Structure formats: C-alpha cells, structure tokens
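Engineer: Need a 3D model of the sequence below.
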Amino acid sequence: MVEFVSFLLTKVYKPIAIPEKVIDAAFKKTIKDVNYHLPNLSKAEIQQRIQTNSNELAVFLYRLGNELHNTNNEKCKPQIHWLLKELCACEIYFNNTIGEGFCVVHGQGTVIGSRNIIGKGFVIHQGCTIGHKKNGEGSGLTIGNNVKLYCNSSILGELNIEDNVIIGAHVLVSKNVKRNSIVLNDDTLKIKAIK
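Structural biologist: Here you go, the predicted model:
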C-alpha cells in the first residue's frame, strides 16, 4: 500500500511522504471495515478494490486521514482530503470517530461533517449529508451501531441516532431516532429487529 499511496500523492500539489506505519494502520482498519460486511474477502482482494477505486478507496482515504489526524500529522491531511474529494467525490472530515465496519456505497456527493461519533457497521450511500445546523458550531452527532443511510438522506443537528436504524432514501432527519427504527419521510416506524 505504500507504493499505491506514493502514487496517489503524485496527483497532489506539494506531496509529502506519509510514514509507512500510518499507511499500514489505515490499511488494517480498512480490512476490518470491509470484512465486517464481506467476511470472505481476502486482504489481497480488498487491496485490489482500493487500488481500482471501488467503494473501499473512500474508506481507506478516510482511515488514512484519520490516522494522520490522530498522530497530529497536519502536513499531509490537506492532500488526503483533496484526494478523497477528487477521486471519490465525497468529503469526510478526519476528526470524526467512526467504528469498525464503515462502508461507503457509491460515495459521490456524500458529506460527513466534523466531530461526529459513529458506531460499528455504519453504511452510507451516495448524496448523503451528516452535519451541523450551524456552520462550524456544535459537538456533532452520535450515531449508534449498524445504522444505514440510503441515498440522498441527511441527518442535521446535534442528534442521537440509536442502534439498528435504517434511514430511507430522500429523508431529512432533524430529531433523535430510537433504536430498531426505520425512518421514512421524517416519520419514525418501530420494528422488532433489523438485521
């Protein structure tokens, strides 16, 4: 992966070398993310998916930027942020905490704003937005485990979205959502369980 990241950095203005241990840590986390949903994929298959700009590239670039953020390596973060926007057409702030099993499906137009805490098994589709109602203010959202956002849905505000929630396509969520719920057109429907 070091060679691949070096290749990607040739596409940015003033590339800076990223330590190998940071790249390795991001790759290991990406493997865990992918295997959470697709346990039969090998390390080599996941690497190939990243290198061919499949959905896994967005996850890897987020993990790489997050590792840089967590190690206070501020010099490389703008380049990785640019690559995420340019190659994957999405924007994911690196100061988010996102648990194992993060999955971006057709990430074009997806934005995950800053300072959110997101649990395991989070799946987000194209055109989704997670953000604050006020620009740059607030503490962010708390999203539980195994939450799915389908295309063009948004969660805005300092909200709490509990475990096992499905948010349907084209839905704006502006209030807290209880666990084991499906949200359609901003109405919450209770269900027994979501697998």
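Engineer: Any stretches of the protein with poor pLDDT?
Structural biologist: 134-138, 186-195 (pLDDT under 70).
Engineer: And it, split by domain according to the record?
Structural biologist: Here the chain is described, according to automatic domain parsing, as comprising the domains 1-88, 90-195.
Engineer: will you turn those domains into CSV that also has mean neighbour count?
Structural biologist: Just so you know, the C-beta spots here come from the backbone N, C-alpha and C atoms, and that holds for glycine as well. CSV is the format used below for the domains of the chain (neighbours: other C-beta atoms under 10 Å):
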stretch, mean neighbour count
domain 1-88, 17
domain 90-195, 18
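Engineer: contact partners of stretch 1-13?
Structural biologist: Contact with stretch 1-13 is made by 15-18, 20, 23-24, 27, 47, 50-51, 64, 79, 82-83, 86-87, as judged by C-beta atoms under 8 Å, 6 or more residues apart in numbering.
Engineer: actually stretch 165-174, not the one I typed
Structural biologist: Contacts made with stretch 165-174 from outside it, assessed by C-beta under 8 Å, 6+ apart, are listed as 125, 144, 147-157, 159, 161, 177-186, 194.
Engineer: All the helices of this structure, residue numbers only.
Structural biologist: In the chain, helices defined by DSSP state H lie at 2-9, 20-37, 43-51, 55-70, 77-88, listed in chain order.
Engineer: Switch those over to CSV; also include distance to G109.
Structural biologist: Output for the helices of the chain, formatted as CSV (distance: least, C-beta to C-beta, whole Å):
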stretch, distance to G109
helix 2-9, 21
helix 20-37, 21
helix 43-51, 21
helix 55-70, 12
helix 77-88, 10
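Engineer: Of all these, which one comes closest to I112?
Structural biologist: In terms of C-beta to C-beta, the element of these nearest to I112 is helix 55-70, at 8.2 Å.
Engineer: tell me what the closest one is packed against?
Structural biologist: Helices and strands touching helix 55-70, by 3 or more C-beta pairs under 8 Å, 6 or more residues apart in numbering; DSSP states H and E, are helix 20-37, helix 43-51, helix 77-88, strand 91-92, strand 103-105.
Engineer: So I155 versus N70, what's the distance?
Structural biologist: Distance of I155 to N70, given as C-beta to C-beta, to the nearest Å: 24 Å.
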